[in-house]
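# How does the following fold in three dimensions:
(one chain, ligands or ions: 2)
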Amino acid sequence: MNVGCWRRIESLMAMSYFFIFFVFFTCTVADDSIVSRFQEYLKINTAHPSPNYHEAANFILSQAKSLSLETQTIEFVKNKPLILLKWSGKNPNLPSILLNSHTDVVPVEPHKWSHPPFEATIDQGNIYARGSQDMKCVGLQYLEAIRRLKASNFEPLRTIYISFVPDEEIGGHDGAEKFASSNIFDEMNVGIMLDEGLASPDDNYRLFYAERCPMWLVIKATGAPGHGAKLYDNTAMENLFKSIESVRRFRASQLDLVKAGVKSEGEVVSVNMVFLKAGTPSPTGFVMNLQPSEAQAGFDIRVPPVADQASLERRIAEEWAPASRNMTYEFKQKVSVYDKNGKPILTAHDGSNPWWALLEGAIHKANRKFGKPEIFPASTDARYFRLKGVPAIGFSPMANTPILLHDHNEFLNKEEYLKGIEVYEHILKAFASSHVETKKDEAIRDEL
Ligand SMILES: [Zn+2]
Ligand SMILES: [Zn+2]
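Ligands and ions are numbered 1, 2, ... in the order given. I've put the predicted structure just below:
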């Protein structure tokens, strides 16, 4: 080989090194700005009881502007803005796609966190913040996927809406519930909606077709007050404890079904005591030689759509808070697991729902796996949309991630976040290009 030939090989090699370096450098810079935008959103403190909704709204609106999306700010209730974004499809007559996320997060106990919950610190690639899993990740991943689709000149056939709603963590009544029953929503002609799911500790994503419904129960016992030294029947405390024992027996029976592998978490009724309130306060704590005349306990109950909700209500009235034991009860939140025709609220997840196959295909295209469809063990805004007959799938692309929603030290790994964007890119491409005819959930339930 002559010298000239060597030179040419050398310069070709130098060019390819430069090219590889250039691609690597460009990707890293792009990834850094994607992660910075996520951090910016996480730093906005939208924790209850006083979420900073306006700052979150301004941030989302500025992102929407950079993506040339149409925007609408809707206040069904003053100071609780719902941001609705729109990317118009080439065929606006086809049913649209709705991507939903909530902007609020649950409160924190900051001193129990290893990193401050509203600083979005990155430690060993993990982004620590309240909302990193539940569910600011998903909201921004939708937008980042749209950014990439726009950059590749993709044009959706169907219109894509993206909603950022307030108040999910306190029941969604001033957010998704009002939105789903508004004329604005009816006019959107939504054919499929996506909402939140859960992280998965293994490498299978989790997909949800239904959810348990919350029944937040407070039971109250009354009884004659008396001397702290006297043993007698029917005290408020004794009456309450008989109920608590009964609740605990029921709880154990449900947990046993899960432990034995007979049912999954979403298929049993969960009941957890969340507060106890009793006693007569004194400047040093509580009066010790007085048996109180009232005692209360609160329970977070979650009921799967496959359970008999009416019989659970009978159990509450007859065993957990019977009038015969001087007890009363009230629900702080009670959501029916049935629709107006008495059918359980769920989204078809078999061949009758073409969206399901499109979603699974898109996840495979992104080289990811998923497990068997599940019932979401907690509650989401998806139920309001399912109630309107719209198929809804719960999905948060977080594999190989511990489940930390509502926990201390909530985090999401940076690479997992970036991977999720790619997954949504595939899903949106599949959904927005699809011509498939789809049925409303209500029609599918009628056939069941
Ligand atoms: Zn959530
Ligand atoms: Zn939550």
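# and the residue in the stretch 301-448 of the chain that ligand 1 sits nearest to, how many neighbours?
Proximity of the stretch 301-448 of the chain to ligand 1 (CB to the ion) peaks at Thr380, 6.1 Å away. Every residue, glycine included, has its C-beta placed from N, CA and C. Using other CB atoms under 10 Å, Thr380 has 24 other residues around it.
# now Gln333
The number of residues packed around Gln333, counting by other CB under 10 Å, is 15.
# Confirm that it sits in a helix.
No: secondary structure assignment (DSSP: H, G, I helix; E, B strand; the rest coil) places Gln333 in strand, not in a helix.
# So what sits opposite the spatially closest residue to it that is not a sequence neighbour in the bridge?
Using CB to CB, 6 or more residues apart in numbering and skipping the chain neighbours, the partner closest in space to Gln333 is Trp216 (4.1 Å). Note on Trp216: beta-bridge partners by DSSP bridges are Asp300, Gln333.
# so what's Trp216 up against?
Trp216 makes contact with Gly298, Phe299, Asp300, Ile301, Phe331, Lys332, Gln333, Lys334, according to CB atoms under 8 Å, 6 or more residues apart in numbering.
# For the helix or strand hosting the first one, buried residues please.
So that's Gly298. Element membership for Gly298, per DSSP states H and E: strand 294-303. Using 16 or more other CB atoms under 10 Å as the test for burial, strand 294-303 gives Glu294, Ala295, Gln296, Ala297, Phe299, Asp300, Ile301, Arg302, Val303.
# Mind telling me which residue of the stretch 201-350 of the chain is nearest ligand 1?
Ligand 1 sits closest to Glu211 of the stretch 201-350 of the chain, with a gap of 11.1 Å, by CB to the ion.
# tell me the contacts of the residue nearest the centre of the chain?
Centroid check for the chain by CA atoms, centre = their mean gives Glu196 as the closest residue, at 3.8 Å. Counting by CB under 8 Å, 6+ apart, Glu196 touches Ser101, His102, Asp134, Met135, Val138, Thr380, Ala382, Gly394, Phe395, Ser396.
# Next, check those residues against the helices and list the overlap.
In this view, the contacts of Glu196 that belong to helices under DSSP state H are Val138, Ala382.
# what does the stretch 151-300 of the chain have sitting close to ligand 1?
Glu196 (CB under 5 Å from the ion).
# for the stretch 151-300 of the chain, what spans make up the strands?
Along the stretch 151-300 of the chain, the stretches classed as strands by DSSP state E, counting those that start in this stretch are 160-165, 190-195, 204-205, 208-211, 213-222, 226-227, 270-278, 281-282, 285-286, 290-291, 294-303.
# did I read that right, Glu422 in a helix?
Yes: under the criterion used here (three-state DSSP), Glu422 sits inside a helix.
# What sits closest to it if chain neighbours are left out?
Ala366 (5.4 Å).
# what's the neighbour count on the one you found?
If you count neighbours by other CB under 10 Å, Ala366 ends up with 18.
# swap in the one 3 residues further on?
By the criterion of other CB under 10 Å, Lys369 has 13 neighbours.
# Unless I'm misreading it, it sits right up against Asn204, doesn't it?
Yes: the pair Lys369 / Asn204 is scored as a contact, 4.9 Å apart, by CB atoms under 8 Å.
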